[in-house]
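Participant: Everything below, folded, please.
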Amino acid sequence: MRIAIFTNNYLPNPYGVANSIESFRKQFERLGHAVYVFAPHTKGYFDENPNVFRYPSIDIKYKISFPLAIPYSPKISKALSELNLDIIHSQHPTLLGKTAMKWARKKNIPLVFTWHTLHDKYVHFVPLIPKKIAAWWIIKQAVNYADKSDIVIVPTDSVREIIRKWGVRNKNLVSVPTGVEESLYQNPEGQKIKGQYGIEKNEILLFLVCRLAEEKNIEFIFQSVINVLKSAKEVKFLIGGEGHLVPTLKTLVSRNKLEDRVIFAGAVKKEEIKNYYAAADIFVYGSKSETQGMIVSEAMYAGLPIVAVNATGLKDLIKNNVNGLLVPENKTVFAEAVNKLVADAELRKSFGENSARIAREKYTDSVCAGKMLAIYKTVMENKKFSSSQNY
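Facilitator: The predicted structure follows:
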């Protein structure tokens, strides 16, 4: 197959959509398919992959740095005219998503659309416009786009329920998660991280890695974990990631006099993340904005028990009392769940083993890529699609 992927978010951005694209792209190419990626230009970044085409962009810097695509390029239009594509996969409903739809119609080939985002959880990134208006507008755009696509992919079943309520009528709606890139998680060195940050053998390490921003519900996690740290002296908390809330979080830690037990690791390199998971004993997560939560899939693959807020996306991955604990958004209850695992080494081991098993059965890059390729094949052959069909 010759597959074109259009995205407003791509490397070098370390966000979920870019990682999802790379996970699928690598597996598609490993299986002999040709993949072409169309994305915004990022200043100072150069692609080694010759099949990446970059549209001009404006670098927007508000809370995060994000290149905004200008969806016009005669050079790329010429290249697209010459490419003999079989299918186009759009990752967004706007900007390059519109370009993806135009070219799918022009070439008379299927348009696949992945609904990655719970848009109402991200409107704080839109300056000046009231949040309710911004959420209404982008959701309306996404619903219209989904209904014009040949098939809509959602990362988890719980997202399917939400976008149906938002008004999506497209009958061809299927869940396919993004898989963990297994090659990145071989032979981890947890002791390396423990030594680097002074984690003693008798200490329990809580770990979180994510963007330190509002949509990740990060202040809730810190407040909950601070309750744990105050009650369990053998526990430390390691955080990987950057974001505009770092000063606020450090102030919160300082106010509680816990600087010696809360470690800010900053941005973690992709090739190093396996070592952080291997050093940890429990993964904690409070986000309510996930359509899947790829970080949680990775933590599961690494064999960690999870404590998380019972929210969209996460409740599809975490089986309560099997590989983790799903709890309401309540600081006391969350802390109690963490303390339960801190106090019970056998429960941590059992949950961790179940996490690893579930991840290998359902959430590896090869498994998920196989599902996506089956969907491509089906939609290309114009077979009748059903949301209950198995892949």
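
Participant: Would you map the strands across the stretch 51-200 of the chain?
Facilitator: 52-55, 57-62, 64-69, 87-90, 111-114, 151-154, 173-175 (DSSP state E, counting those that start in this stretch).

Participant: what's the average pLDDT for the third one?
Facilitator: Spelled out, it's strand 64-69. For strand 64-69, mean pLDDT rounds to 79.

Participant: cool, the fourth one as well?
Facilitator: For strand 87-90, the mean per-residue pLDDT is 98.

Participant: what packs against it?
Facilitator: Contact here means 3 or more CB pairs under 8 Å, 6 or more residues apart in numbering; DSSP states H and E; on that basis strand 87-90 packs against strand 2-6, helix 96-107, strand 111-114, helix 365-380. For glycine as for every other residue, the C-beta is placed from the backbone atoms N, C-alpha and C.

Participant: who touches Ser231 in this structure?
Facilitator: Ala335, Asn339 (CB atoms under 8 Å, 6 or more residues apart in numbering).

Participant: What residues sit buried inside stretch 52-62?
Facilitator: Residues Val52, Phe53, Arg54, Tyr55, Ser57 are the ones in stretch 52-62 that count as buried (16 or more other CB atoms under 10 Å).

Participant: and the first one, bridged to which residues?
Facilitator: With DSSP bridges applied, the residues forming beta bridges to Val52 are Val37.

Participant: surely it meets Ala39?
Facilitator: Yes: using CB atoms under 8 Å, Val52 is in contact with Ala39, at 6.6 Å.

Participant: so what sits against both of these two?
Facilitator: Residues touching both Val52 and Ala39 (CB under 8 Å, 6+ apart): Tyr10.

Participant: in which helix or strand would I find Asn227?
Facilitator: Assigned by DSSP states H and E, Asn227 belongs to helix 218-231.

Participant: Averaged pLDDT, that helix. What do you get?
Facilitator: 97.

Participant: Could you do stretch 160-169 as well?
Facilitator: 95.

Participant: Figure out how far it is from the centre of its chain.
Facilitator: Averaging C-alpha positions (CA atoms, centre = their mean, to the nearest Å) puts stretch 160-169 20 Å from its chain's average.

Participant: What residues sit buried inside that stretch?
Facilitator: For stretch 160-169, the neighbour count (16+ other CB under 10 Å) marks Arg160, Ile162, Ile163, Trp166, Val168 as buried.

Participant: So which of these is the closest to Gln186?
Facilitator: Nearest to Gln186 out of those is Arg160 (CB to CB; 33.1 Å).

Participant: Hmm, that closest one is touching Ile153, no?
Facilitator: No: in this structure Arg160 lies outside contact range of Ile153 using CB under 8 Å: 10.0 Å.

Participant: list the residues that contact both of the two?
Facilitator: Ser175.

Participant: Nearest residue to the middle of this protein?
Facilitator: Gly16 (3.4 Å; CA atoms, centre = their mean).

Participant: Can you report phi and psi for it?
Facilitator: phi -60, psi -40 (degrees, to the nearest 10).

Participant: what's the closest non-adjacent residue to it?
Facilitator: Met294 (5.5 Å; CB to CB, 6 or more residues apart in numbering).

Participant: Tell me how many other residues crowd that neighbour.
Facilitator: As a burial measure, Met294 scores 24 neighbours (other CB atoms under 10 Å).

Participant: Would you state the predicted confidence (pLDDT) at it?
Facilitator: The predicted local confidence for Met294 is 92.

Participant: contacting residues for it?
Facilitator: Applying CB under 8 Å, 6+ apart to Met294 gives the contacts Gly16, Asn19, Ser20, Thr178, Val180.

Participant: Next: Gln186.
Facilitator: Going by CB under 8 Å, 6+ apart, the list of residues near Gln186 reads Lys274.

Participant: Burial check on the residue nearest to Pro56 when sequence neighbours are not counted, number of neighbours?
Facilitator: Residue nearest to Pro56 in three dimensions, not counting chain neighbours: Ile70, with 4.4 Å by CB to CB, 6+ apart. Using other CB under 10 Å, Ile70 has 14 neighbouring residues.

Participant: I figured Ile70 hits Ile58, correct?
Facilitator: Yes: the pair Ile70 and Ile58 passes the contact test of CB under 8 Å, sitting 6.7 Å apart.

Participant: picking that back up, dump the buried residues of stretch 52-62 to TSV, plus pLDDT and distance to Val333.
Facilitator: Output for the buried residues of stretch 52-62, formatted as TSV (pLDDT from 0 to 100; distance: CB to CB, whole Å):
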residue	pLDDT	distance to Val333
Val52	98	45
Phe53	98	48
Arg54	98	47
Tyr55	98	46
Ser57	95	44
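
Participant: okay, those in CSV with distance to Ala374 next?
Facilitator: What follows is those, written out as CSV (distance: CB to CB, whole Å):
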residue, distance to Ala374
Val52, 25
Phe53, 27
Arg54, 30
Tyr55, 30
Ser57, 34
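
Participant: which of the residues you listed lies closest to Asp147?
Facilitator: Distances from Asp147 to those, taken by CB to CB, are shortest for Tyr55, at 25.3 Å.

Participant: Would you quantify the distance from the residue lying closest to the closest one once chain neighbours are set aside to Ala278?
Facilitator: Once flanking residues are discounted, Tyr55 sits nearest to Ala69: 4.8 Å by CB to CB, 6+ apart. In this view, Ala69 and Ala278 are 37 Å apart by CB to CB, to the nearest Å.

Participant: Kindly report the same for Pro56.
Facilitator: 42 Å.

Participant: Of the buried residues of stretch 160-169, which pair is most distant in space?
Facilitator: Arg160 and Trp166, at 10.9 Å, using CB to CB across these.
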